[in-house]
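Colleague: Structure of the sequence below:
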Amino acid sequence: MIAVLQGITAMVLLQLAFAVWNAARLPVLGAQRRNKQAEPADAQHRKKPAKPAGTQVPSLSVLIPARDEAANITACLTSVLACSTAGRHIEIIVLDDRSADGTAELAAAAGGPRTQVLAGAELPEGWAGKCHACAQLAEAAGGEWLLFLDADIRLQPQALTAALASAAAQGSGLITGFPRQLTGTWLERLAVPLMVFTIVCHLPVPLVRRSRDPRFVAAHGGFMLIHRDSYTRCGGHSGIRGQLVDDMALARAVKLAGEPVTLADITGHTEMRMYHNAAEVWKGYRKNIYAGLGRKPLLLLGVLLFYALLYVFPVIASVGALITGEMEALVWAAAAIAGGAAIKRTADRAGRQPVWFCLLLPASMVSLIAIGAASWRGAVSGQGYEWKGRRYR
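Modeller: Numbers count the residues shown, from 1 in each chain. Below is the predicted model of the structure:
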C-alpha cells in the first residue's frame, strides 16, 4: 500500500508540474502578437472579401443559434450590443431554431434594428440541430470573420475589440476558448469546471497552435471565431453535420484543412452559465463525454480509471489508514490528496473559479465517472441522448 501511494503521489506531482507550465501558455484574447511564420504560407496573401459598391462589408458577423432560449437571449444580446466595436462595422444575426418559448420575439425586442432575427428551417435527416443552425447563420452572414456565440454567453464591453485584435494578429483560421463558467447547484460546481481541468492537465496548449495534428485541439462552442475563408476551406458545419460535439469536430476540420487554431484565455471577456440544475448537467455531459472521446470504450475506461486512481483512491486509502492507524500510509495519501487539490487549483485559476473549488476534486471525479459510464451506456444500448427536445444516437 505504501509503495502504491508513493507512486500515485509521484504521478500527481508530475501532473502538477505539467499543469502549472501548461496553464501559463494560454494566450490571452486580444493580446496575441502577429507571427507570420506560424501562419500557413497562403494565409499571408489571402484576399479579403470584395466590397460591393455602395455597401460596407462587416468586419465581424456575430452569429447566435437559439433554440428555446427565452431565458437567455435578451441578456446575451444586451451584452453583445453593449460591446465596443472600435468603429468597425459589425452585424448581429440570431437564428431562431424553431423555438416554442417565444425566443424569436424576445430576440427581436432586445436586438432592435441592429439585429437580424432569422427563422430556422426544419432539421434535415442526418443533421445535428446546432450544426444545422450554424450552417444557416454562416450562409446568411456577410462578415470577414464569423463569431459563433451560444445564447447563454455574456460578453464584457471589450470582448469584440479583443476578438478582432486576435483575428487581425492571426490572419485566418479559428480562435476559441473556454468562457468563465458560472455555477449555482452542486453538480454544476463538481462537473462544469472539469472542462478546463482536462485541458490544463492533458493538452499541451502550444501544440494547439503549432501542430497540425488534429489530436492536439480543444474548442468551446460558446465562442468560435473563424475566418470566412477558413470556414469554407474546412467544409464548415455542413462537413460535420451529424456531430454531437460540434465544436471539437469543427476545430479538427480547421486543422485538417491546414488552417491555424488558437485556444485562448477568454475568461476576462466572457462568462456563461451552461446549465442551471443537476438534470441539465447530467444530460449535457452524458451527451458529450463518450462522443468527445471518439466513441472509444477503452479510451473512456482508461481515462476514468486513471482519474479514479489519482484522485479518488487516495481519499479511500486515507480513510483506511485512519481506521487502522497506519500513519505512514496516511501521510502519503494526504500528500497525494494535497497534490490533486493543487492541480485543481491551477486549473480553476485559469478558469477564474473560486479557490475552495479545489477541495471538491475527489467528488468531482466520482461525478465524472458516473456520467461517463452513463454516456457509454447511452451509446451502446441504442437509447441515445436527448437534448433541446431532440433525440440523437
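Colleague: drop to CA atoms for contacts and neighbour counts, all remaining ones
Modeller: OK.
Colleague: From the chain's centroid, how far away is stretch 360-378?
Modeller: Centroid displacement of stretch 360-378 relative to its chain, using Cα atoms, centre = their mean, to the nearest Å, is 18 Å.
Colleague: Now do that stretch, average pLDDT.
Modeller: Mean pLDDT, stretch 360-378: 97.
Colleague: Where does the record place the domain boundaries for the chain?
Modeller: 2-21+292-380, 26-31+57-185+203-280 (automatic domain parsing).
Colleague: Make JSON lines out of the ones you listed and add mean neighbour count.
Modeller: JSON lines is the format used below for the domains of the chain (neighbours: other Cα atoms under 10 Å):
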{"stretch": "domain 2-21+292-380", "mean neighbour count": "18"}
{"stretch": "domain 26-31+57-185+203-280", "mean neighbour count": "20"}
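Colleague: For M195, which of the ones you listed is the nearest?
Modeller: Nearest to M195 among the domains of the chain is domain 26-31+57-185+203-280; the distance by Cα to Cα comes to 8.2 Å.
Colleague: what about that closest one, start to end distance?
Modeller: End-to-end distance for domain 26-31+57-185+203-280, by Cα to Cα, to the nearest Å: 29 Å.
Colleague: Same question for stretch 177-187.
Modeller: In stretch 177-187, first residue to last residue: 22 Å (Cα to Cα).
Colleague: ok, now stretch 91-110?
Modeller: 15 Å.
Colleague: so which of the domains of the chain gets nearest Y392?
Modeller: Across the domains of the chain, closest to Y392 is domain 26-31+57-185+203-280 (Cα to Cα), at 7.8 Å.
Colleague: what is the rounded mean pLDDT of the closest one?
Modeller: 96.
Colleague: Now find how far off-centre that domain is within its chain.
Modeller: For domain 26-31+57-185+203-280, the distance to the chain centre is 10 Å (Cα atoms, centre = their mean).
Colleague: got it, and stretch 302-317?
Modeller: 25 Å.
Colleague: Show me what it is in contact with.
Modeller: 5, 8-9, 11-12, 329-330, 333-334, 336-337, 340, 361-363, 365-366, 368-369, 372 (Cα atoms under 8 Å, 6 or more residues apart in numbering).
Colleague: how about a cut-off of 7 Å?
Modeller: Under the criterion Cα atoms under 7 Å, 6 or more residues apart in numbering, residues I8, V12, A333, A336, I337, G340, P362, M365, I369 lie in contact with stretch 302-317.
Colleague: quick revisit: okay, the domains of the chain in JSON lines with distance to R393 next?
Modeller: Putting those into JSON lines (distance: least, Cα to Cα, whole Å) gives the following:
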{"stretch": "domain 2-21+292-380", "distance to R393": "7"}
{"stretch": "domain 26-31+57-185+203-280", "distance to R393": "9"}
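Colleague: Quick one, which of those gets closest to W387.
Modeller: Short answer: domain 26-31+57-185+203-280, nearest of those by Cα to Cα, at 9.2 Å.
Colleague: related to what we said a few turns ago, and the contacts of stretch 302-317, which is closest to K287?
Modeller: Out of those, the member with the shortest distance to K287 (by Cα to Cα) is I369, at 14.0 Å.
Colleague: wait, what's in contact with that closest one?
Modeller: Neighbours of I369 in contact, by Cα under 7 Å, 6+ apart: L304.
Colleague: What helix or strand is it located in?
Modeller: helix 361-380 (DSSP states H and E).
Colleague: Which of the domains of the chain sits closest to R391?
Modeller: Among the domains of the chain, the nearest to R391 by Cα to Cα is domain 26-31+57-185+203-280 (9.5 Å).
Colleague: Could you list the alpha-carbon positions for stretch 300-319 in CSV?
Modeller: Below are the C-alpha coordinates for stretch 300-319, written out as CSV (Å, rounded to 0.1, in the frame of the first residue of the first chain):
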residue,chain,number,x,y,z
LEU,A,300,-13.0,6.1,-21.9
LEU,A,301,-12.3,3.3,-19.5
GLY,A,302,-8.6,4.2,-19.3
VAL,A,303,-9.3,7.9,-18.6
LEU,A,304,-11.9,7.1,-15.8
LEU,A,305,-9.6,4.5,-14.2
PHE,A,306,-6.7,7.0,-14.3
TYR,A,307,-8.7,9.7,-12.6
ALA,A,308,-10.1,7.2,-10.0
LEU,A,309,-6.5,6.1,-9.2
LEU,A,310,-5.0,9.5,-8.9
TYR,A,311,-7.8,11.5,-7.3
VAL,A,312,-10.3,9.1,-5.6
PHE,A,313,-8.2,6.2,-4.3
PRO,A,314,-6.0,8.4,-2.1
VAL,A,315,-9.1,9.5,-0.2
ILE,A,316,-10.3,5.9,0.3
ALA,A,317,-6.7,5.0,1.4
SER,A,318,-6.6,7.9,3.9
VAL,A,319,-9.9,6.7,5.5
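Colleague: what about it, distance to the chain center?
Modeller: That offset, for stretch 300-319, works out to 25 Å (Cα atoms, centre = their mean).
Colleague: any idea of the mean pLDDT for it?
Modeller: Average pLDDT, stretch 300-319: 97.
Colleague: The protein: strands as residue ranges?
Modeller: 60-66, 90-96, 115-119, 145-149, 153-155, 174-177, 180-181, 223-227, 261-264, 270-272, 385-387, 390-392 (DSSP state E).
Colleague: Mind putting the ones you listed into CSV with distance to A278?
Modeller: Formatted as CSV, these follow (distance: least, Cα to Cα, whole Å):
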stretch, distance to A278
strand 60-66, 22
strand 90-96, 26
strand 115-119, 31
strand 145-149, 23
strand 153-155, 19
strand 174-177, 24
strand 180-181, 15
strand 223-227, 24
strand 261-264, 28
strand 270-272, 16
strand 385-387, 14
strand 390-392, 19
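Colleague: and the two most separated of the contacts of stretch 302-317?
Modeller: That would be A333 and I369, which, of the contacts of stretch 302-317, are the farthest apart (Cα to Cα) at 20.7 Å.
Colleague: what about the closest residue to P297 other than its chain neighbours, distance to L298?
Modeller: With sequence-adjacent residues excluded and distances taken as Cα to Cα, 6 or more residues apart in numbering, P297 is closest to W376, at 7.3 Å. Computed as Cα to Cα, the W376 to L298 distance reads 11 Å.
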